[in-house]
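S.K.: Give me a 3D structure for the following:
(one chain, ligands or ions: 1)
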Amino acid sequence: MNSIAPSKPILKSLSYLDTTPKLSIPTGRKIQSKRSQICNIKSIYKQESRSFAAGLVTNRADWQTSCAILASNVVSQQGAENTDIVTSVNGAHQTLDLVPILKENNLPKPLSITDFSPAPMHGSELRVAYQGVPGAYSEAAAGKAYPNCVAIPCDQFEVAFQAVGHWIADRAVLPVENSLGGSIHRNYDLLLRHNLHIVGEVQLPVHHCLLALPGVRKEDLNRVISHPQALSQCESTLTKLGLNVAREAFDDTAGAAEFIATHNLRDTAAIASSRAAELYGLQVLADGIQDDSSNVTRFVMLAREPIIPRTDRPFKTSIVFAHDEGMSVLFKVLSAFEFRNISLTKIESRPYKNRPIRVVGDASTGTAKHFEYMFYIDFEASMADPRAQNALAEVQEFTSFLRVLGSYPMDMTPWSPNRDL
Ligand SMILES: O=C(O)C(=O)C[C@]1(C(=O)O)C=C[C@@H](O)C=C1
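M.R.: Residues are numbered from 1 along each chain as shown. The predicted structure follows:
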């Protein structure tokens with residue numbers, strides 16, 4: 001997998017574009033507001049970088065000429081699509097040539113909303129958008145899903161969705177659920193708001209490390225920063241390590257590592273991958289700090305077009321539905337699957353009160369409807385399977401709104417907690 005990026009700095013944050021009506025509050029901030037103990041130090045630094053970046057906004061020609069495919073070879077490209085190449089991402093650590101300052105690097109800068117007007121030229125490689133910076137688990141997931149892809153970092157989940165919608169990328173690979181931290185709600189909401197299709201899933205074993213600048217000891221730390229999911233996946237271990245220090249949320253794990261290196265923070269550690277340590281010149285203070293060794297994140301692969309469902313291999317189908325009369329419909333929907341012996345693998349509900357949805361009836365006239373909740377269900381059957389078709393025909397009768405988000409091959413890759421260590 002390669003990475004693509006403009007070689008000049010670009011605006012990283014959607015907060016810079018607050019006047020753009022389409023955009024909502026970035027996920028990271030939303031989570032932080034719920035976690036009052038977590039304050040985002042990054043915002044302070046963003047103020048500085050705004051004025052810095054303002055002078056460097058790239059134009060179309062700039063963007064196109066500066067787009068470079070960097071042969072970063074972030075994950076091994078050996079093996080076919082289904083081989084588990086995550087091993088090399090979370091692999092055993094080599095002795096690092098530790099440099100106290102961040103090396104001048106050619107790492108890709110995240111795609112931001114400002115990059116959308118110019119459509120960059122591209123070759124035949126599949127361009128895959130992910131949220132985060134190089135070294136993020138999402139980048140590893142993109143490499144696992146599409147081993148020969150060009151990975152495009154995006155600063156927000158929303159940007160990754162839009163990158164596919166605007167043909168900047170061909171696919172997006174985004175996390176939806178972690179075995180310890182639970183659902184990534186933001187992506188459920190965005191699945192509904194955007195018209196992309198789920199074309200696959202990939203399960204990524206997540207092996208966290210505690211990273212700090214070379215020479216820093218655990219006793220020097222006042223703060224641990226990372227993605228909120230990563231912080232929650234390591235909560236008990238941090239306490240066991242005696243790190244009862246402030247925990248602060250960051251947009252992504254690798255971004256937290258990069259931040260420490262860029263700002264030479266000797267009192268701060270990041271939770272991130274060993275690859276992030278290598279990329280940003282940090283040392284690994286503790287290895288495998290996730291609270292459970294079988295820590296897995298499930299990612300979905302998104303495309304503009306759906307794939308044709310098949311029955312010659314295990315498929316999963318994801319749907320979202322709602323009904324105007326509250327939750328009572330849920331029982332009926334579940335029985336439509338139970339009656340046909342179809343197993344459910346996931347059920348999620350999201351409040352949806354303040355956003356009307358346009359429901360098109362038989363006469364093709366749209367009516368704006370308000371629903372209290374959206375329900376998301378994944379079930380183990382292909383849309384080519386008559387059982388699934390009959391179940392959905394029944395679900396459609398019970399509900400006011402139903403959308404198939406995708407019918408796609410299940411990730412059957414076997415893995416064991418120790419294999420990626
Ligand atoms: O921050 C990263 O490295 C990510 O790829 C994001 C993310 C997430 O959103 O859950 C992905 C996998 C891990 O569960 C932790 C963080």
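
S.K.: Near the ligand, which residues of the stretch 51-200 of the chain? Just list them.
M.R.: 132, 136-138, 175, 178, 184 (Cβ under 6 Å from any ligand atom). Heads up, the C-betas are built off the backbone N, CA and C, glycines and all.

S.K.: among those residues, which are in helices?
M.R.: Among those, the ones falling in helices (DSSP state H) are 137-138.

S.K.: Low-confidence bits of the chain, can you list those?
M.R.: 2-106, 108, 112-124, 326-327, 354, 358-366, 414-421 (pLDDT under 70).

S.K.: if you set the cut-off to 80 instead, what comes out?
M.R.: Low-confidence segments of the chain (pLDDT under 80): 1-124, 325-328, 353-370, 413-421.

S.K.: in it, which spans are helices?
M.R.: Going by DSSP H, the chain shows helices at 27-34, 41-54, 60-66, 137-145, 157-165, 185-193, 228-233, 235-240, 253-262, 274-280, 329-339, 386-398.

S.K.: What are the boundaries of the strands in the stretch 301-421 of the chain?
M.R.: Secondary structure of the stretch 301-421 of the chain (DSSP state E, counting those that start in this stretch): strands located at 315-322, 344-351, 357-360, 366-369, 373-379, 401-409.

S.K.: Could you give the bridge partners of the residue lying closest to residue 212 once chain neighbours are set aside?
M.R.: Of all residues beyond its chain neighbours, the one nearest residue 212 is residue 269 (4.4 Å), with distances taken as Cβ to Cβ, 6 or more residues apart in numbering. When bridges are called by DSSP bridges, residue 269 pairs up with residue 224.

S.K.: Just confirm residue 269 contacts residue 209, I think it does.
M.R.: No - judged on Cβ atoms under 8 Å, residue 269 makes no contact with residue 209 at a distance of 9.6 Å.

S.K.: Mutual contacts of the two, please.
M.R.: residue 285 (Cβ atoms under 8 Å, 6 or more residues apart in numbering).

S.K.: higher neighbour count, these two?
M.R.: residue 269 (30 against 27; other Cβ atoms under 10 Å).

S.K.: ok, back up a step: any idea how far the residue nearest to residue 212 is from residue 225?
M.R.: 8 Å (Cβ to Cβ, to the nearest Å).

S.K.: same question, residue 379
M.R.: 38 Å.

S.K.: which of the residues in stretch 258-274 are buried?
M.R.: By neighbour count with 16 or more other Cβ atoms under 10 Å, stretch 258-274 contains the buried residues 258-261, 265-266, 268-274.

S.K.: Just give me the closest of the residues you listed to residue 235.
M.R.: residue 271 (10.3 Å; Cβ to Cβ).

S.K.: wouldn't the closest one be in contact with residue 228 here?
M.R.: No - contact criterion Cβ under 8 Å: residue 271 and residue 228 do not qualify, at 10.5 Å.

S.K.: Skipping its backbone neighbours, what lies nearest residue 322 in space?
M.R.: residue 371 (3.8 Å).

S.K.: likewise residue 398?
M.R.: Counting by Cβ to Cβ, 6+ apart, the residue nearest residue 398 is residue 332, at 4.6 Å.

S.K.: Spell out which residues of the stretch 301-421 of the chain are next to the ligand.
M.R.: When proximity is defined by Cβ under 6 Å from any ligand atom, the stretch 301-421 of the chain lies next to the ligand nowhere.

S.K.: still on that earlier bit, between residue 379 and residue 225, which is the more surrounded one?
M.R.: Counted by other Cβ under 10 Å, residue 379 and residue 225 do not tie: residue 225 has more neighbours, with 27 against 23.

S.K.: pretty sure that one contacts residue 263?
M.R.: No - here residue 225 does not reach residue 263: they are 10.9 Å apart, not a contact under Cβ under 8 Å.

S.K.: Who are the contact partners of residue 210?
M.R.: 224, 238, 241, 243, 269-271, 284-287, 289.

S.K.: Would you mind giving the residues you listed as a markdown table with distance to the ligand added?
M.R.: Listed next are the contacts of residue 210 as a markdown table, based on distance: Cβ to the nearest ligand atom, whole Å:
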| residue | distance to the ligand |
| --- | --- |
| 224 | 14 |
| 238 | 15 |
| 241 | 19 |
| 243 | 18 |
| 269 | 15 |
| 270 | 10 |
| 271 | 9 |
| 284 | 16 |
| 285 | 18 |
| 286 | 17 |
| 287 | 16 |
| 289 | 13 |
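
S.K.: would you list these in TSV and tack on distance to residue 168?
M.R.: TSV is the format used below for the contacts of residue 210 (distance: Cβ to Cβ, whole Å):
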residue	distance to residue 168
224	34
238	37
241	41
243	40
269	34
270	28
271	30
284	34
285	37
286	38
287	36
289	35
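
S.K.: Which ChimeraX command selects the buried ones in those?
M.R.: Selecting only the buried entries of those in ChimeraX, with 16+ other Cβ under 10 Å as the criterion:
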select :224,238,241,243,269,270,271,284,285,286,289
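
S.K.: Run through the strands of the stretch 101-250 of the chain in chain order.
M.R.: Using DSSP E, counting those that start in this stretch, strands in the stretch 101-250 of the chain cover 127-131, 150-154, 171-178, 182-183, 197-205, 209-212, 223-226, 246-249.

S.K.: Starting from the last one, tell me which strands it pairs with and how they run.
M.R.: Strand 246-249 has the following sheet partners, assigned by DSSP bridges: strand 223-226 (parallel).

S.K.: what does the partner strand rub up against?
M.R.: Here strand 223-226 has contacts from 41, 210, 231, 234, 238, 243, 245-250, 253, 256, 259-260, 267-272, using Cβ under 8 Å, 6+ apart.

S.K.: my guess is residue 207 meets residue 273, correct?
M.R.: Yes - taking contacts as Cβ under 8 Å, residue 207 lies within contact range of residue 273: 7.1 Å.
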